[in-house]
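Trainee: here is my input; please provide its structure:
(2 chains)
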Amino acid sequence: MFPRSEPGRTVAWLLSAAIVASVSFTASSALANHMKDWVHDHSSKAIPPRPSGLAEMNDMFGQRCIDRSDNARSWWPFADPVDFGEGKYVHYNTYIARDVGYNIRNHIDAAHRDAALYPGIGGYNCRLIDGSTSWSVHSWGAAIDTNWQRNPRFQDHWNGHGYDGENYGTYIPDVWRGSFPGHRFFWGLNWDTKPDPMHFQYVTNY
Amino acid sequence: MRRLFIVSIALVAALAGGGSAHPRHATSAPAVADSASSRVPCPVAPVVPFAETTGLAAGRGVWSAVAGSLTQQIGLPVRVEVDRGPGVIRHIATAPGIGTAYVRDRAGGDVLITITADGVERFPQRVEVSNPAWSSRGDLAWSVGTGILVRDAQTGEVRHLDSPKGASSVFSPVFSGAHRLVAVGSAGPTARIPEDERENNLWMRRLGGHMWHRLTSFRSHGDRWIAIRTPVARAGGAVDFIMVRADASRTDEPVFELWRLSPAGSATRTRRLPREMYLAGIDHGSLLWNTPEPSGTFLITHRASDGASVQIGCGAVLVDPVDAVDPDLRRGRGSLVPPRGDWLGLEHGSGADDSPAVPELAVIVGDFADRTAAEGVVARIREVYPGSVVDVVDATSAPLAIRPGVFGALLRLPTDADATQALTVFRQRLPEYASQSWVVTP
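Mentor: Model prediction:
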């Protein structure tokens, strides 16, 4: 990147890097302070095996549209598409209760970044896919849509502007993906030919 | 052993080449109830060369998609490789005396394939293709989501028909006459229906006309949705179809019904169906059905004269296969996914997968408008769960579990509790709270 014959530029680069590292550390520490009473739960209870395909989803989540599909819930602010100031309960399968309720929802709250959310947000939804005889993953309570008013299906990028108008970049998707070993949600933006940026699901190949 | 093998090959070849009129009666087809019960296993079908089949080009027989392959479901099933390439096969339409059409579903644009006396033709499209259907004169219609394409049998000209007014998509076209098309329109979002995918109706259009005419007036409300699936044209101009309806937020099994659209355009319910069932076509005047199995396959059945449901094969005909992954839903290259961004907080607290669980799981009973009501429930839970930690909570003490302005009774669960099991036991022991208890992480 910097030719060895230009020591002056190397020094400048090292100085810049030191400043960036310092700022990052300070910001990181500040954020870590906000979250000092909270840690991820990366136990196998919180991050259970993620199914691949319909048969495995039925094995792990149970059949679609049954009680356990929506028996876990958490409160999400700014989720209501009608009134932006209102939140709502998001329901999902008890199989992913710890991952969604504790790891993901708690992470956003502990980092004081609720304002990165934007209407609408939803989980369990017993319905067929439009025009298809296949059932939506939401019918198992195995998927959550977030910020869909700014991230509709087929949009080929993520719009990170939150309720407060700030651009949070990929903060929300990053939480769903999670740090190592990951919260293991599959992001619909990974579907190259049918991108679905609002969509996060705990199953692949379906 | 060798003799058995030779006999089998001969039988397969005869069936593949013949496509006889009533071959299913030659098999020991089991009578099965409409409800899910014991089924005949779906065997892996041997592959026969396309050149040895005659049924496809003549539109004879019952064909389905099994594990991504085109399979004849008459007598001993056989697989036929008409075309090769990436993707899976779905939505198979046969018309006696005309031919067969199906979709090769690929990642991105799909390919429509027809097999007629003139040979095999491929029609690559840049978009998703679904539900091809033949007219009695050999015209072919198919859906491209936002419209219907119709290929004239005589000229080969393809005409695009836009979606009906107010519909966000149109699909499953069928010819209810030589020049009359009926299709399903999905209403776009409105103030009454904030999401699309919630309200389907049947629409009609004459091939020489310029407008769609709505034939049915099904209306959704609240979170109720109404779907129309697998319409099938009958001789004389009637159309049979499946209506599915449910409330999206409820956990009741959706309702499945068989309906008929008369040639005059009025729809009436024929009967309520006992379970999830779709139409798979008509064979000798009798409706064929596709019924999903929990194991991830579709059965093909028809109704015998005594009313019993008789299995005649396996695989998806007009429905979307569930035994093969939709190529559009496979993990892509991730080219659209941006690199990770703000990770300051995320990097903290990560650890190995064998870390102990955090004791933050609970069952909440709520919501109550006043604290007193919640305190009463706490007392009752303590009676049933002596020694457990049970508290009244609100949005201050449990902001992720309960909304502002209301109260709940919270029973904290052991660290290693299984959420599904814990709630099941709670509801068994305190059935009076079954409808208002949830798993939460306060």
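
Trainee: B:Thr146 contacts B:Ser163, correct?
Mentor: Yes. Applying C-beta atoms under 8 Å as the test, B:Thr146 and B:Ser163 come out as touching, 5.6 Å apart. C-beta coordinates here come from the backbone N, C-alpha and C atoms, glycine included.

Trainee: hey, what's in contact with both of the two?
Mentor: By C-beta atoms under 8 Å, 6 or more residues apart in numbering or on different chains, B:Thr146 and B:Ser163 have these common neighbours: B:Ser169, B:Val170.

Trainee: the more surrounded of those two?
Mentor: In this view B:Thr146 and B:Ser163 are compared by other C-beta atoms under 10 Å in any protein chain shown, and B:Ser163 has more residues nearby, 21 against 15.

Trainee: identify the bridge partners of B:Ala316.
Mentor: For B:Ala316, the residues forming beta bridges with it (DSSP bridges) are B:Ala65.

Trainee: ok, now which ones touch it?
Mentor: Taking C-beta under 8 Å, 6+ apart as the criterion, B:Ala316 is in contact with B:Ser64, B:Ala65, B:Val66, B:Arg90, B:Asn290, B:Phe298, B:Val322, B:Asp323.

Trainee: if we only consider these, which is nearest to chain A?
Mentor: Distance from chain A was checked for each of the contacts of B:Ala316 by C-beta to the nearest C-beta. The minimum falls on B:Val322, at 5.3 Å.

Trainee: one step back: make JSON lines from the contacts of B:Ala316 and add pLDDT and neighbour count to it.
Mentor: Compiled in JSON lines, the contacts of B:Ala316 are given as follows (pLDDT from 0 to 100; neighbours: other C-beta atoms under 10 Å in any protein chain shown):
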{"residue": "B:Ser64", "pLDDT": "95", "neighbour count": "30"}
{"residue": "B:Ala65", "pLDDT": "95", "neighbour count": "25"}
{"residue": "B:Val66", "pLDDT": "92", "neighbour count": "26"}
{"residue": "B:Arg90", "pLDDT": "97", "neighbour count": "24"}
{"residue": "B:Asn290", "pLDDT": "97", "neighbour count": "25"}
{"residue": "B:Phe298", "pLDDT": "94", "neighbour count": "27"}
{"residue": "B:Val322", "pLDDT": "91", "neighbour count": "21"}
{"residue": "B:Asp323", "pLDDT": "90", "neighbour count": "21"}
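
Trainee: so B:Pro442 versus B:Asp391, what's the distance?
Mentor: 9 Å (C-beta to C-beta, to the nearest Å).

Trainee: need the overlap of contacts for the two.
Mentor: Contact criterion C-beta under 8 Å, 6+ apart; residues shared by B:Pro442 and B:Asp391: B:Ser397, B:Leu410.

Trainee: out of these two, which sits in the more crowded spot?
Mentor: Set B:Pro442 next to B:Asp391 and count neighbours by other C-beta under 10 Å: B:Pro442 wins out with 21 against 17.

Trainee: surely that one touches B:Val358?
Mentor: No. If you go by C-beta under 8 Å, B:Pro442 and B:Val358 don't touch, sitting 11.5 Å apart.

Trainee: what are the ranges of the strands in chain A?
Mentor: Ranges of strands in chain A, per DSSP state E, are A:72-76, A:88-92, A:143-145, A:186-187, A:199-201.

Trainee: neighbouring strands for the last one, and are they parallel or not?
Mentor: Taking DSSP bridges as the criterion, strand A:199-201 forms sheet pairs with strand A:143-145 (antiparallel), strand A:186-187 (antiparallel).

Trainee: cool, and the second one?
Mentor: For strand A:88-92, sheet partners with direction are given as strand A:72-76 (antiparallel), following DSSP bridges.

Trainee: quick check: mean pLDDT across the partner strand?
Mentor: For strand A:72-76, the mean per-residue pLDDT is 97.

Trainee: what comes into contact with stretch A:100-107?
Mentor: If you take C-beta under 8 Å, 6+ apart as the criterion, stretch A:100-107 is touched by A:35, A:38, A:40-42, A:46-47, A:72-74, A:76, A:90, A:92, A:123, A:144, A:175-176, A:178, A:183, A:185, B:345-346, B:358, B:360-361, B:400-401, B:439-441.

Trainee: show me chain A divided up by domain.
Mentor: Under the assignment named as automatic domain parsing, the residue ranges that make up the domains of chain A are A:1-34, A:40-201.

Trainee: what ranges does the chain have for its helices?
Mentor: I went with chain A, as the question did not name one. Chain-ordered helices for chain A, with DSSP state H as the definition, fall at A:7-34, A:53-61, A:97, A:105-110, A:171-177.

Trainee: wait, chain B was what I had in mind.
Mentor: So, for chain B - with DSSP H - the helices run B:2-18, B:55-58, B:371-384, B:419-429.

Trainee: least confident of these, on average?
Mentor: Set side by side, these show their lowest mean pLDDT on helix B:2-18, which sits at a mean of 38.

Trainee: can you give the domain ranges for chain B?
Mentor: Taken from automatic domain parsing, chain B resolves into B:28-327, B:362-440.
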